[in-house]
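> Here's my sequence, what's the structure:
(one chain, ligands or ions: 1)
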Amino acid sequence: MSVHGEPSFRESVDLMFNRAVRHLDLSPGLEEKIRVCNSTYTVRFGVRLRGAIHTFTGYRSVHSEHMEPVKGGIRYALSVSQDEVEALAALMTYKCAIVEAPFGGSKGGLCIDPRQWDAHELEQITRRFAYELIKRDLINPSQNVPAPDMGTGEREMAWIADQYARMNTTDINARACVTGKPPHAGGIQGRVEATGRGVQYALREFFRHAEDKAKAGLSGGLEGKTAIVQGLGNVGYHAAKFLSEEDGVRIVAVIEHDGGVVSESGLDIEDLRQWITQNRGVRGYPRATFVENGASLLEAPCDILIPAAMEGVIHRGNAANVKAPLIVEAANGPVTFGGDEILRRKGVVIIPDMYANAGGVTVSYFEWVKNLSHIRFGRMQRRQEEARHELLVQELERLSADKGLGWTLSPGFKERYLRGAGELELVRSGLDDTMRGAYNAMREVWHGRNDVEDLRVAAYIVAISRVAQTYQSKGL
Ligand code: NAD
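Reported below is the predicted structural model:
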């Protein structure tokens, strides 16, 4: 049990699973097989730092191997525990199924406060942790492929990839052992922004459906809507930046670890992010009102609430006070099972984590494919595409001149039309397509079945059915 007398994170995920699986006609044996976590490896290792040996505890949990490799991030935080890693690994299984990424679910974590160590120390710790996982095939291009999560990013992924390459000198696919690497070290354009970008695409798709908006009592487009974001880290920052700069959403409050900031006219996300980077928090930010109790802003009025920091922040203790009619779970597990029940009764629409933050694993999938094919997306076709477009434009211009039609192309059209898609454009296109497709798979279940009242159950139904199908086709 966690605070507010609620189930733990893993129990919460299991309870949500149970609520959904009732709607499916699976044998109890298969149901159990899908729900349980296959294995969790715990490792304790020592690293000599600052003249003394420090012992660290890490985990790598494999929830389901119905498809391999299994996939899931590595988190660095003091709160990391076996329960948390197992909950996150289960969510990865369902997440991959929802977005049709051909992976099982896994997750890793290291109990560490990354802010207490400098870059060189973190490299030593990361390489040692990676060594322990690699030698047990818990990092491996064909079996288990980590990615960034809270407290880790491109830098840590590059160290892990290099550690794997050193230990597997003849593996031609070594780079595919981890995703979220920097582009110069085998990464892919658009991976850093992918989860936040996915949140944006998820919201855009939601706002394309009048029936869905009506369920939340909303109408119109994203333009002019207000949002509150919790956590301006990788996911929250990108989501807030794209929604405010490209879709006209007004971010009226941001909640960080040291408090919150409010501005009714809308926060400048880029400016705020710079302040946070330099000052390690939002306290003292001059262009907004500071609120000491940041979490209280989860209860402030807005159209869209975007929890993008950590799990369990909306619970039995505060769910009844949430005023937003729409919540997008950019973080994993931000709403507890108890909180979810209260919000549903209030009619709040929740776009669930397993879908809302699946942009990261989607682009990780593209990166993994790129690493295995040893070629960047667009390299073969880009110039050929441009040449064909050029032909068409020249033909139009010739026709106009020959027939004296006086046609002129709109300003900027030629440049935009002639430019062939590079890797970033292709990644965004693939991500957009994935987020639209997955949303529609969920909403078909949501609207198509009388016994399904919310998007979370719909998401679980889609995910569990797909995992079950894979097991059944294997003859299990
Ligand atoms: P991050 O470490 O980059 O950012 C987390 C942010 O939340 C930081 O700015 C931190 O200061 C802030 N924060 C920490 N505690 C807080 C608190 N109590 N209140 C308010 N803010 C707080 O992590 P991230 O990668 O952005 O991950 C955030 C969430 O998104 C996690 O739940 C993670 O599992 C999930 N997620 C991340 C990815 C990814 O690609 N990085 C993909 C899918 C899901």
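
> In contact with the residue in the stretch 151-300 of the chain positioned nearest to the ligand, which residues?
Proximity of the stretch 151-300 of the chain to the ligand (CB to the nearest ligand atom) peaks at Gly233, 1.6 Å away. Yep, even glycine has a C-beta here, placed from its N, CA and C like the rest. Contacts for Gly233 were tallied using CB atoms under 8 Å, 6 or more residues apart in numbering; they are Met150, Ala308, Ala309.

> Could you find the closest non-adjacent residue to the last one?
Think Ala309. Gly231 (2.8 Å; CB to CB, 6 or more residues apart in numbering).

> Packing partners of the top helix by length along the chain?
The helix that spans the most residues within the chain, counting by DSSP state H, is helix 423-448. Judged by 3 or more CB pairs under 8 Å, 6 or more residues apart in numbering; DSSP states H and E, the packing partners of helix 423-448 are helix 82-98, helix 194-206, helix 353-356, helix 359-373, helix 455-473.

> Quickly check: that helix near the ligand or not.
No. Helix 423-448 stays clear of the ligand (CB under 6 Å from any ligand atom), getting no nearer than 12.2 Å.

> in that helix, what's buried?
For helix 423-448, a neighbour-count test (16 or more other CB atoms under 10 Å) marks 423, 425-428, 430-432, 434-435, 438-439, 441-443, 445-446 as buried.

> I'd like the mean pLDDT over that helix, please.
What helix 423-448 shows for mean pLDDT is 97.

> That helix vs helix 82-98, what angle?
Put simply, helix 423-448 runs at 90 degrees to helix 82-98, going by axes from the mean of the first three to the mean of the last three CA atoms, to 10 degrees.

> Tell me how far helix 423-448 lies from the chain's centre.
14 Å (CA atoms, centre = their mean, to the nearest Å).

> secondary structure class for Glu264?
Three-state call for Glu264 (DSSP: H, G, I helix; E, B strand; the rest coil): coil.

> Distance check, it against Ala253.
Separation of Glu264 from Ala253 (CB to CB, to the nearest Å) stands at 9 Å.

> again, but for Ile74
In this view, Ile74 and Ala253 are 30 Å apart by CB to CB.

> Tell me which of the two has more neighbours.
A count of neighbours by other CB atoms under 10 Å puts Ile74 above the other of Ile74 and Ala253, at 31 against 25.

> you'd agree that one is in a strand?
Yes. Judged by three-state DSSP, Ile74 forms part of a strand.

> That one - nearest residue in space that isn't next to it in sequence?
Using CB to CB, 6+ apart, the closest residue to Ile74 is Gly108 (4.0 Å).

> and the helices and strands packed on helix 423-448 as JSON lines, adding mean pLDDT and distance to the ligand?
Supplementary listing: the helices and strands packed on helix 423-448 in JSON lines, determined by pLDDT from 0 to 100; distance: least, CB to the nearest ligand atom, whole Å:
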{"stretch": "helix 82-98", "mean pLDDT": "97", "distance to the ligand": "7"}
{"stretch": "helix 194-206", "mean pLDDT": "98", "distance to the ligand": "4"}
{"stretch": "helix 353-356", "mean pLDDT": "98", "distance to the ligand": "7"}
{"stretch": "helix 359-373", "mean pLDDT": "98", "distance to the ligand": "3"}
{"stretch": "helix 455-473", "mean pLDDT": "96", "distance to the ligand": "15"}
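
> Relative to Asn168, which of the ones you listed is closest?
For the helices and strands packed on helix 423-448, proximity to Asn168 was assessed by CB to CB; helix 359-373 is nearest, at 13.6 Å.

> Skip ahead from that closest one and say which helix or strand is next.
Where DSSP states H and E defines the elements, the next helix or strand beyond helix 359-373 is helix 382-402.

> ok so, going back, the helices and strands packed on helix 423-448: which one's closest to Ala300?
With CB to CB as the measure, helix 194-206 is the member of the helices and strands packed on helix 423-448 nearest Ala300 (18.9 Å).

> list the buried ones in the following helix or strand past that closest one?
Following helix 194-206 in sequence order, the next helix or strand is helix 210-215 (DSSP H and E). By neighbour count with 16+ other CB under 10 Å, helix 210-215 contains the buried residues Asp212, Lys213, Lys215.

> In contact with the first one, which residues?
Which is Asp212. With CB under 8 Å, 6+ apart, Asp212 has these contacts: Phe206, Val349, Arg443.

> State the distance from the residue of the stretch 151-300 of the chain closest to the ligand to Met310.
To Met310, Gly233 is 10 Å away according to CB to CB.

> Show me the common contact partners of the two, please.
Taking CB under 8 Å, 6+ apart as the contact rule, Gly233 and Met310 both touch Met150.

> quick one: terminal-to-terminal distance for stretch 346-358?
In stretch 346-358, first residue to last residue: 26 Å (CA to CA, to the nearest Å).

> Kindly report the same for stretch 302-320.
Terminal residues of stretch 302-320 are spaced 15 Å apart (CA to CA).

> Redo the helices and strands packed on helix 423-448 as TSV? Include mean neighbour count.
Formatted as TSV, the helices and strands packed on helix 423-448 follow (neighbours: other CB atoms under 10 Å):
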stretch	mean neighbour count
helix 82-98	27
helix 194-206	26
helix 353-356	29
helix 359-373	24
helix 455-473	21
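
> Output the ones you listed as JSON lines; include the columns distance to Gln381.
Supplementary listing: the helices and strands packed on helix 423-448 in JSON lines, determined by distance: least, CB to CB, whole Å:
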{"stretch": "helix 82-98", "distance to Gln381": "28"}
{"stretch": "helix 194-206", "distance to Gln381": "22"}
{"stretch": "helix 353-356", "distance to Gln381": "30"}
{"stretch": "helix 359-373", "distance to Gln381": "14"}
{"stretch": "helix 455-473", "distance to Gln381": "31"}
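
> Show me what stretch 247-254 is in contact with.
Contacts of stretch 247-254 (CB under 8 Å, 6+ apart): 200, 203-204, 221-230, 232, 236, 240, 243-244, 260-267, 269, 272, 282, 291, 297, 300, 302, 304.

> ok, of these, which come out buried?
Neighbour counting by 16+ other CB under 10 Å classes 200, 203-204, 222, 225-230, 232, 236, 240, 243-244, 260-263, 267, 269, 272, 282, 291, 297, 300, 302, 304 among the contacts of stretch 247-254 as buried.

> Okay, and which of these map to helices?
If you go by DSSP H, the buried ones among the contacts of stretch 247-254 have Gln200, Leu203, Arg204, Gly236, Ala240, Leu243, Ser244, Ile269, Leu272 in helices.

> mind checking how far the second one is from Leu305?
Okay, so that is Leu203. Taking CB to CB, one finds Leu203 at 12 Å from Leu305.

> Spit out the residues that contact those two alike.
Contact criterion CB under 8 Å, 6+ apart; residues shared by Leu203 and Leu305: Val328.

> Gly324: what secondary structure?
If you look again at residue 324, you'll see it is Ala, not Gly. Recorded secondary structure, Ala324: coil (three-state DSSP).

> what about the closest residue to it other than its chain neighbours, how many neighbours?
Distances taken as CB to CB, 6+ apart place Leu305 nearest to Ala324, at 3.7 Å, with adjacent residues excluded. Look at Leu305: counted by other CB under 10 Å, it has 29 neighbours.
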